Structure formats: structure tokens, C-alpha cells
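Enquirer: need a structure here:
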Amino acid sequence: AALRGHIAALKEPPGFEEYALLVYLCVPIWIALIAMLNLHRVFERTWTRLSLALDLAKLHVLGFLAVSSVGFFVQATINRSLVILFHATSFLLFYAVRSAFGTWQRYQHRTGQSQARLLVVGEPSPDLDAFLHTIAAAERPPKIVGTLGLTAIGDLPQLGALDDLPRVLQTSAIDRVLFFPPYHHASDVAPSVAA
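Expert: Next comes the predicted model:
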């Protein structure tokens with residue numbers, strides 16, 4: 001207010017009611033944009049610093065366009081410096097939080113606390129070789145606890161035959177069981193387990 005007395009170009013800021021209306025209209029749009037860009041999937045996604053910055057830039061450009069459109073249609077007076085301050089602060093906070101969370105996830109994975117634990121049921125095959133190669137190249141590969149089958153698979157621990165599946169599931173912490181040829185599904189294993 002004091003500066004407006006000395007600088008004629010500064011305008012009287014809009015009232016609280018106008019800002020409140022704009023917030024009520026823009027928050028759902030902002031949440032929808034976050035979901036559209038999958039920025040809410042903090043547990044499922046991994047970002048590099050560049051990909052995170054690009055995704056956040058998309059969010060804030062689209063958010064700016066949405067705020068401008070809403071302001072145009074409701075004929076609200078928008079303080080441009082406030083909009084710029086909001087977008088800059090939002091970008092920096094999003095980036096800092098996502099980066100810190102990514103660092104924490106990498107630490108958890110490195111110490112083995114967040115690795116998925118897999119049990120492989122099958123025999124050596126091209127499909128299984130391709131799978132092992134793919135997860136070995138992953139940024140955060142799961143831990144293969146062992147295998148069940150007639151033949152050892154590489155240097156993975158062989159925990160027994162098919163009949164040992166119930167025992168292994170009861171005595172080991174397993175997140176997922178993966179079935180490979182010739183045992184394509186859990187139902188293929190069931191007769192052996194029942195026998």
C-alpha cells in the first residue's frame with residue numbers, strides 16, 4: 001500500500017473474495033493435472049533430475065494456462081506477480097520434495113529394505129533368460145530369493161522342487177511368485193503340490 005503512493009503503475013490488489021473464488025476453481029484443475037502427468041505416483045515411478053524437472057515444467061505451464069483461462073472466464077482480476085510467485089514456489093517445493101523422496105527410496109533399495117522379493121518357478125528357458133537380463137539392467141532390480149524346479153538356473157539358489165512351494169512360501173518372505181515354462185500358471189503347479 002505504501003509503494004502504491006509512490007509508484008503510479010502499481011494497482012490496487014483484488015479483494016480476498018476474488019482470490020478465494022479463483023482458488024476454489026483452480027485446485028481441482030491442479031489436482032487433475034497432477035494425476036494426468038502421473039506426478040502422484042511417487043512409489044511406482046522413478047525420475048531422473050531432468051525428467052522430474054520436465055514433468056514439473058509441464059505441470060506448471062499447463063497450470064498457468066488453466067489459471068489464465070479460469071481468470072478469463074470468471075473475469076477475475078489476477079495479480080501477475082502473485083501468480084508468478086506461486087508457480088515458482090510450487091515448482092521448487094515439488095522438485096525438492098520429489099528429489100528428497102527419490103534419494104530416500106534409493107537409500108532404502110541400496111540397503112535392501114524396499115526390494116521386492118521374488119520366487120521363480122520354472123526351468124531354464126529363453127523367456128527366463130530374457131527376464132533375468134531385464135531385471136539385472138533395471139535401476140532398482142528386485143531380489144530373487146531363489147528358484148523352484150528340476151534344474152538349477154544360473155547361480156540362483158535352488159530352494160527345491162515344485163512340491164516345496166508351500167514350504168518355501170511359509171518359511172520365506174516372498175512378495176511375488178513368477179511362473180515360467182513349463183509352469184505357465186499357478187494352476188500348472190497345483191497338481192504337483194497336491195500330489
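Enquirer: next structured bit after the longest helix along the chain?
Expert: Assignment by DSSP state H gives helix 80-110 as the longest helix of the chain. Proceeding N to C from helix 80-110, the next assigned helix or strand is strand 117-121, under DSSP states H and E.
Enquirer: And that following strand, what's buried?
Expert: Leu118, Leu119, Val120, Val121 (16 or more other CB atoms under 10 Å). Placement of C-beta: from N, CA and C, glycine included.
Enquirer: export the residues you listed to CSV and tack on pLDDT and distance to Ile31?
Expert: Output for the buried residues of strand 117-121, formatted as CSV (pLDDT from 0 to 100; distance: CB to CB, whole Å):
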residue, pLDDT, distance to Ile31
Leu118, 89, 35
Leu119, 90, 39
Val120, 89, 40
Val121, 89, 42
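Enquirer: Other residues contacting stretch 97-115?
Expert: With CB atoms under 8 Å, 6 or more residues apart in numbering as the test, stretch 97-115 has contacts from Leu39, Val42, Thr46, Trp47, Arg49, Leu52, Leu56, Arg140, Pro141, Pro142, Lys143.
Enquirer: how close does the fourth one sit to Gln108?
Expert: Right, the one you point to is Trp47. Noted for Trp47: a distance of 16 Å to Gln108, by CB to CB, to the nearest Å.
Enquirer: So the two - more neighbours on which side?
Expert: Using other CB atoms under 10 Å as the criterion, Trp47 and Gln108 rank with Trp47 on top: 18 against 13.
Enquirer: In strands, which of the contacts of stretch 97-115 fall?
Expert: Lys143 (DSSP state E).
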